[in-house]
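**Q** Model the following, please.
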Amino acid sequence: MAVQDGPAVPAQGHGMREGWYPCPSGAAQVRYWDGTKWTDQTRPDLLGWVHGPRVLDLPGVFAYGRDPQDGASGRPGPLDPAAWRRLRNSVIALPVLYVALIAPAALLLNVLKLPGFLSDVLILVIVIACGSYGRWPEAVRRTWARYRPEPKTAPAPPPVRPDLWKDLRTAGFDTAARRLDEELAGGELTDVDYVRVARVVQQSARDARSGGGLERLRPVAEQIEEYGGGAFVHESLQRDLPMPRLVQHDLITGQARLGVAAPTGRNPATHQNQWFALDTEVLRTSMLVVGPPGSGKTRSFARPIIELLGLQTLVGLASVVVIDPTGSAFGREVLPDFFDIDIDPNRRPDPAGLRDGVQDRGVQDRANWGFDLFGGASTPDEAADRLAGAVLPPETAHTDPAADSAARNALYAVIAGFYERESRYPTARELIDSVQRDSPVPLLNERLRLLDRPALIDLFDGRPRRFSMREINRPIRVRIALPEGTSPQAARILARLAIAQFVQVVAAPDADRSVFKGLIVDEAGRFVDEYVAQGLQRARAANAGIVLLTQSMGQFPEHLRSAVFTGTGCKAVFAGVEPQDARYFAEYWGTQWSPETTVTTGSSTSTGSGHVATPGGKKEKSVIQTITGNTTVEYQRSVATRAVERPVWSASEIINDVPTGHALISLATPDGIRTPPVLVNLRG
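**A** Numbers count the residues shown, from 1 in each chain. Down below sits the predicted model:
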């Protein structure tokens, strides 16, 4: 471990025991003291993070770090343009009216031998009229309030930070609270630990106050006394992500920071120069992400969302399923030890999991999982319907509805008959054999034969444990890799089956709505069918969300493009998209009224023998005359302003004006709040 001798040990440092202490540099972090000197090992200041400023008011704006006191100093802003114009015009009008009215009036009073105070009265009337029109009292008041000197006051003492474990101390469980305080002071408590433990404590305290009695907190306190910050830990025993975080997360608000909104007038004023973030609340409306290869949609969108849902899983609030078509975008090389269940038909023994020639139990347990062919189905009817939707080509229902119906009926007959005889669903091997023997429908026979591959039969039947989609009702992280390299058609069947089962589980009446369920599908255009397109709306009401990433809308079946586009509340489009994709987004974001100013100039020439005019408009303000002999040239300028309807972002602007490394993102919340498209720098 490298050491650092630079900063001096603070006064209380003499005799400090080994551990974590506030960084002597004053940075918002804690630094490790090894008993004799400071090391270069640092951690975030958890206490400062818990009590840090937050303003959660707008979808898409990162709440952490925004001080609610900013702009609340009591000083008003500058005059708005309309008030400033009235003030300026009134000041200009005052000397003009004096010259035009007061001077002739004074001369007239002298001629008529009238009292001179009448002239003073007229001056007073003009000043009052100009002041009333220009609203001088309000302008003076606002100017003084804006630029008044600030009185010198003694600095206020720092606010007292609330007790993090007040519920435990109030209930008399001081030992548990002190255990957590010690881990916090020692730097052993992570932000995941704090949110997870605080959530359980607060929920138990609410139950106790609602009639359960303080004894409801006793088992919670006993676990904390025994395990400290490791109490109620996730089944993986991970107290943080097993790899460095790609983006900044705020677990208190559940946000992941993606980038910064560009400082352009095209962005809403509420988002300009603000950190842009996503949370599970906006993901409930599902998201469509369109970007060509290399645009950064996997790293800039999929990875942060997977991290977000992974952290929410560790605190007990979410589960996540990731469909990995290539098998490498989210594999162990990219996200090592991240997933609790890793389903890969092409998995081979991994040397990384070998210790002294023996397969490591943890790696083996995570990797050696199969897939339940009928996971999530409660009746043979449901099982046959979902499997048929995955096995049969999506376009068959439109091109040949008779063949599609015959295949579905035949599959149901086989599954229902087997279930009636055996009181269980058939294995993949049994299903293929039964269909080949009993089904007269060639289409069904041909499609099921695509699953008759050794790797897939082993995935469905041969693994010691099989993952059922119903398990996402508890906090869990799952990755499903697809064998596209060896069996592309079978890979599509597996992907459609997994997505359909996800929709089926989240929409089931017995689904646990307290756990957010997220599904991330890369290259989604090849895997979405009609059932999934309809399920996008059902996911919103079931506290679930689906993120569809695709290179182009053209990858979706033509009859599903509209349903997919309208079914996802959040949209993101990256630089370099195709013109047709740009038109989809331009039409979705609609138009807005904006002012258009037209300036026309021209001239006309007058001579002694006639008048010759050149194109122009009406006269405006000044006229310049040039006289040579008896010829006059008159220059004219006209200005016209009108409201015109323009696209918020036209297709051409989406194609040409979105820079590399940026994305146009619009968000929606389940209660109907929508944000205009925001240009976000994902590298900021």
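**Q** residue contacts, Gln551?
**A** Going by CB atoms under 8 Å, 6 or more residues apart in numbering, Gln551 touches 290-293, 523, 525. Just so you know, the C-beta spots here come from the backbone N, C-alpha and C atoms, and that holds for glycine as well.
**Q** Please tell me how far the spatially most central residue of the chain sits from Thr253.
**A** Nearest residue to the geometric centre of the chain (CA atoms, centre = their mean): Leu278, 2.0 Å. Per CB to CB, to the nearest Å, Leu278 is found 11 Å from Thr253.
**Q** Name the nearest residue to Phe173, sequence neighbours excluded.
**A** Ala221 (3.7 Å; CB to CB, 6 or more residues apart in numbering).
**Q** for the one you found, what are its contacts?
**A** By CB under 8 Å, 6+ apart, the residues touching Ala221 are 168, 171, 173, 175-176.
**Q** what pLDDT does it get?
**A** In this model, Ala221 is scored at 93, pLDDT.
**Q** possible to save the contacts of Gln551 as JSON lines with secondary structure, distance to Asn346 and neighbour count?
**A** Shown next, in JSON lines, are the contacts of Gln551 (DSSP: H, G, I helix; E, B strand; the rest coil; distance: CB to CB, whole Å; neighbours: other CB atoms under 10 Å):
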{"residue": "Val290", "secondary structure": "strand", "distance to Asn346": "29", "neighbour count": "27"}
{"residue": "Gly291", "secondary structure": "coil", "distance to Asn346": "27", "neighbour count": "23"}
{"residue": "Pro292", "secondary structure": "coil", "distance to Asn346": "27", "neighbour count": "14"}
{"residue": "Pro293", "secondary structure": "coil", "distance to Asn346": "22", "neighbour count": "8"}
{"residue": "Glu523", "secondary structure": "coil", "distance to Asn346": "17", "neighbour count": "20"}
{"residue": "Gly525", "secondary structure": "helix", "distance to Asn346": "23", "neighbour count": "20"}
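**Q** Out of those, flag the one nearest to Thr566.
**A** Val290 (14.4 Å; CB to CB).
**Q** shouldn't that closest one be in contact with Thr568?
**A** No. With contact taken as CB atoms under 8 Å, Val290 and Thr568 are classed as non-touching, separated by 10.5 Å.
**Q** where do the strands sit along the stretch 451-600 of the chain?
**A** Taking DSSP state E, counting those that start in this stretch, the strands of the stretch 451-600 of the chain run over residues 465-467, 477-481, 516-521, 544-550, 570-574, 591-607.
**Q** Tell me which of the ones you listed lies nearest to Val201.
**A** Closest among the strands of the stretch 451-600 of the chain, using CB to CB: strand 516-521, at 20.8 Å.
**Q** Okay, angle between that closest one and strand 544-550 too, please.
**A** 10 degrees (axes from the mean of the first three to the mean of the last three CA atoms, to 10 degrees).
**Q** which residues of the stretch 151-300 of the chain fall in strands?
**A** Under DSSP E, counting those that start in this stretch, the stretch 151-300 of the chain gives strands at 249-250, 255-261, 275-279, 287-290.
**Q** what packs against the third one?
**A** In terms of contact count using 3 or more CB pairs under 8 Å, 6 or more residues apart in numbering; DSSP states H and E, strand 275-279 is assigned the packing partners strand 255-261, helix 303-314.
**Q** Including mean pLDDT, distance to Asp40 and mean neighbour count, could these go into TSV?
**A** Compiled in TSV, the helices and strands packed on strand 275-279 are given as follows (pLDDT from 0 to 100; distance: least, CB to CB, whole Å; neighbours: other CB atoms under 10 Å):
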stretch	mean pLDDT	distance to Asp40	mean neighbour count
strand 255-261	94	25	23
helix 303-314	96	25	24
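**Q** re the thing from before, would a markdown table of the strands of the stretch 151-300 of the chain with distance to Gly554 be doable?
**A** Output for the strands of the stretch 151-300 of the chain, formatted as a markdown table (distance: least, CB to CB, whole Å):
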| stretch | distance to Gly554 |
| --- | --- |
| strand 249-250 | 34 |
| strand 255-261 | 26 |
| strand 275-279 | 26 |
| strand 287-290 | 10 |
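**Q** Which helix runs longest in this structure?
**A** Ranked by residue count, the top helix of the chain under DSSP state H comes out as helix 401-422.
**Q** ok, Leu87 to Gly134 distance?
**A** Per CB to CB, Leu87 is found 5 Å from Gly134.
**Q** And these two? Which one has more around it.
**A** When neighbours are counted by other CB atoms under 10 Å, Leu87 and Gly134 differ, and Gly134 comes out ahead with 22 against 19.
**Q** element containing the spatially closest residue to that one that is not a sequence neighbour?
**A** Closest residue in space to Gly134, ignoring its immediate chain neighbours: Ser90 at 2.8 Å, by CB to CB, 6+ apart. Counting by DSSP states H and E, the element that carries Ser90 is helix 81-97.
**Q** which intervals of the stretch 101-250 of the chain have sub-threshold pLDDT?
**A** Where the stretch 101-250 of the chain drops to pLDDT under 70, the residues are 113-114, 116-117, 150, 152-160, 212.
**Q** repeat that for 80
**A** Scanning the stretch 101-250 of the chain for pLDDT under 80 picks out 101-123, 144-162, 185-187, 211-215.
**Q** quick one on the thing from earlier: which among the contacts of Gln551 gets closest to Ala586?
**A** Val290 (12.6 Å).
**Q** Tell me what that closest one is bridged to.
**A** Thr550, Val573 (DSSP bridges).
**Q** go on, Ser319?
**A** With DSSP bridges as the criterion, Ser319 is bridged to Lys517.
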